[in-house]
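**Student:** Structure, please.
(one chain, ligands or ions: 1)
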Amino acid sequence: MGKAQKKTGKGRLDKFYKLAKEQGYRARSAFKLIQLNKKYNFLESARCCIDLCAAPGGWLQVASKYMPPSSIIVGVDLVPIKPIPRVTTFAADITTPVCRNLIRGELKDWKADVVLHDGAPNVGTAWIQDAFSQAELVLMSLKLAVEFLMKGGTFVTKIFRSADYNNLMWVFNQLFAKVEATKPPASRNVSAEIFVVCREFLAPKSIDPKFLDPKHVFKELAASESIDKGTSANNVHANVFMPEKKRRKRDGYDEGDYTLHKSITATEFIHKPDAISLLGTANQITFKTSEEKGWLKLDITSREIQANCDDLKVLGKGDFKALIKWRANLREEIGLDVKQKPAEELTETVTITEELDEDGQIQEELERLNNEAAARAKRERRKNNEKKTKTIQRMQLAMTAPLDIGQELEDASLAGQADIFDLKMADRQRKNLLNRANLSESESDSDDSKAGAESSDDEAMDSEEEQEKRVAALEENLDELYNTYKTQRAERDAKFKAKEARKNNKDREETWGGIREEKDSDASDSGSSAGGWEEMNERKGVDGDGSSDEESSASDGDGGTNDRKRKRVSDEATSRKRPKLTSGLVTKLTDSKSAATASKASQIWFSQDIFAGLDKDLDVEMDPRHRAPPGAQQQQMDESDEEEDDGFDVVPLEKDEDVAMWDIEDEDVDARKQEYIKNFGLNTAEAMTLAQQLVNREKTKTQLINDGFNRYSLNAKDGLPSWFLDDEAKHYKPNIPITKEAVMTLRAKQRELDARPIKKVAEAKARKKLRAAQRLEKAMKKAEGVNQTSDMTEKEKAAQIEKLMKRGLGKGGKKKSEIKVVVAKGPNRGLQGRPKGVKGRYRMVDSRGKKELRAQKRREKERKPKRR
Ligand SMILES: C[S@@+](CC[C@H](N)C(=O)[O-])C[C@H]1O[C@@H](n2cnc3c(N)ncnc32)[C@H](O)[C@@H]1O
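**Tutor:** Residues are numbered from 1 along each chain as shown. Alright, predicted model coming up:
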């Protein structure tokens, strides 16, 4: 195990603790806010800030340091906060109306730019008063934030990765345009806390109170708690039986238990019945009492056992077994268990031999031989698969050239092995793939059951329906994997992320419906069921227990079309109900104790950013615009009836359904290309090659057009998975040959372009020239005047004219005095006024100022769009 940060003892006194002491901050947590502000820059521009749960005042100190001098800063906590300059503080419970009124009284009609919340129950000295849990406290702080924040404001809060985490994130996402969870370096790794920075408050005119009501926000979780517990227990057991597999705590941390390092005493381990669960959750077994120390001296407690107890997280399966054995021995030793005699000693073996007739014997022999043959075939198949996997791996590592593989395959087929193009083999491979996809769904399946499932699945696969289902599941799996890939790529690739974000923003604008305009608010007060929370829940999928009425109405709308896409959606219906197409509420929130509660939790889970886009696919599929008109559907049904009678299947093309073809995806693509060529010329080697071929009469226009088509050009892309379409869009491009001449022409053109100055430079040069000409003209006029005066000698005239002409030609001008940069270090540190020995204009900078200036310039440069 790596070095874990300690939260107790001397581990508390870490770098940030020392820094806080050095810099005069009251709490090391001040650095968390400093780091968050460094990342998101919300304090510098804020004029009013409210800090909820502010004691002892570390965050307030930071706010007062980073906010502009005349800003308003208010801090509230259960316990009084020692005065801080420029900061107003109250002692109040943020969950009470008293606190709200106090803040209102202080702010008057001002709105806050930033609301901070770093609250944690049972942290302060007044822990007895902490009736609320952490997540509820967050929701209460959000309630205050929503009341006092101005539009576009920022809300920063601390959350623990508990079961409520996703629900809270979901609510934040409804109220703020940008929500990001982050863990600043000053936050200890051992702490499960995470900070969420919600920016660009949407400031809706009215908010459904259910968004801020813990009863509604955390409701589904309460219902599915038992299910969650079940999963955790599985996880815990799996930690012991398959320790090699690292599991994340996806279901969050137990309420009130936010530390990652847990130790249990040896007494607990020996006495408690569920020893395996203890091993799965704890990091260490400690021996503290004298009795426990006595156990260490026993022979059965070997050095290895002691080492194992020290760090349970690094143990393998064998080590766990040894620990469990040691526990059993110790229990016997201390008289908790009685030693049992081995089973063989207690039981008598009775062998019953049946007399078999000759037929029976033959039958048995045949069965045995069959089984042996099947086992042998299976072994061989496995061996082949292993061999193939190894070859592919070697290929990926560039250890084998494809030539070798051909050789191996040839050898294999010579030796009577199955050919790779054998249909049966291909079918088997497909089945294997499907099996694997199925098996991967359940993590906890043991190896043995896998082996058993293989043979039984083979039989089940016979039914076509089953196969279709599996294919659908596999497709879904692939889609999900593709979405995950897209999210991961977005994290790495900023351009890709921006593209996706643009797409998502568009969706968001179209589908937002959580907060209603003023006119709707009355309706909500009177218990109206449409809009607001319900609508959002509907989007979230909380309408798990959709009534049969609803389903039938949806199917009425469908008109009974047997659309392939919608079939996929109905396959998913068990886990994800369709949003109602016509009006607001599908199910009231109060009906939540339904059979579908388990899927509610999964809906919340899927409402996270990384699954964005999945719903969109569904929406598109369910969009009424994508359906054929009822007339057409009826016609189709009639036709299909007729066809069924003939026993002949024809797939009709729906009238208004645009089947997108590869090449007609963008009809105005040609127009756009023409426009581009007009503006920028032919600047690709391919285009130039084609143009030259046309000019040199090597090809005719018809030939070129014909070359643009092939047998795949008009393939329909309807119903193809998105990953495939994306891939095709990227790679399905004609491979147009290019000539050397075309490339040379383009290069020459580019060189010519490069040699030309850019517009700005040319303009500046022209301006300079104009000014010079004007100056010269002026000087010549003056020289003429001097020449005509009679009160000067010829010599004086000549000198004067020469001077004027020099100035006119711009040679006698004054040099601009340069600004001297003086670094405020060494003797200049803290100096007021002009430093010694510096003449002319000067500027005082400190090394930090210099760095900041550079950073600012860099940021500005980055912000500017790059020229291509
Ligand atoms: C981690 S401390 C805050 C530290 C603070 N941000 C700083 O930098 O000094 C959490 C605080 O939350 C406060 N708290 C917990 N529940 C509260 C409640 N209901 N109302 C007000 N304060 C509360 C506790 O009293 C405790 O002081």
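
**Student:** Give me the buried positions along stretch 278-289.
**Tutor:** Residues 278, 279, 280, 281, 282, 283, 285, 286, 287 are the ones in stretch 278-289 that count as buried (16 or more other CB atoms under 10 Å). In this view, the C-beta of every residue, glycine as well, is placed from N, C-alpha and C.

**Student:** and the two most separated of the residues you listed?
**Tutor:** Pairwise distances across those (CB to CB) peak at 20.2 Å, for the pair 280 and 287.

**Student:** Pick the one among the buried residues of stretch 278-289 closest to the ligand.
**Tutor:** The nearest member of the buried residues of stretch 278-289 to the ligand, counting by CB to the nearest ligand atom, is residue 283 at 24.4 Å.

**Student:** shouldn't the closest one be in contact with residue 261?
**Tutor:** Yes - using CB atoms under 8 Å, residue 283 is in contact with residue 261, at 5.2 Å.

**Student:** Kindly identify which of the buried residues of stretch 278-289 also come near the ligand.
**Tutor:** Among the buried residues of stretch 278-289, no residue sits close to the ligand (CB under 6 Å from any ligand atom).

**Student:** need the helix or strand of this structure with the lowest average pLDDT.
**Tutor:** Least confident element among the helices and strands of the chain, by mean pLDDT, DSSP states H and E: helix 548-558 (a mean of 39).

**Student:** quick check: longest helix of the chain.
**Tutor:** helix 358-396 (DSSP state H).

**Student:** Tell me the spacing between residue 364 and the ligand.
**Tutor:** 75 Å (CB to the nearest ligand atom, to the nearest Å).

**Student:** From residue 372, how far out is that residue?
**Tutor:** 13 Å (CB to CB, to the nearest Å).

**Student:** domain ranges for the protein?
**Tutor:** The chain breaks down by automatic domain parsing into domains covering 10-223, 237-248+257-343, 370-404, 490-626, 669-755, 761-808.

**Student:** residue in the stretch 151-300 of the chain nearest to the ligand?
**Tutor:** Counting by CB to the nearest ligand atom, the stretch 151-300 of the chain gets nearest to the ligand through residue 158 (7.6 Å).

**Student:** Sorry, slip of the keys, the one I care about is the stretch 751-868 of the chain.
**Tutor:** Among the residues of the stretch 751-868 of the chain, residue 848 lies closest to the ligand, at 24.3 Å counting by CB to the nearest ligand atom.

**Student:** element containing that residue?
**Tutor:** helix 847-863 (DSSP states H and E).

**Student:** what does the average pLDDT come to for that helix?
**Tutor:** On average, the pLDDT along helix 847-863 is 84.

**Student:** How about stretch 770-781?
**Tutor:** Stretch 770-781 comes out at a mean pLDDT of 92.

**Student:** which residues are contacting it?
**Tutor:** Residues outside stretch 770-781 that contact it (CB atoms under 8 Å, 6 or more residues apart in numbering) are 804, 805, 807, 808, 809, 810.

**Student:** Flag every buried residue along that stretch.
**Tutor:** Neighbour-count burial for stretch 770-781 [16+ other CB under 10 Å]: residue 779.

**Student:** Please renumber the chain so that the first residue is 28 from this point on.
**Tutor:** Sure, I'll start numbering at 28, so the last one becomes stretch 797-808.
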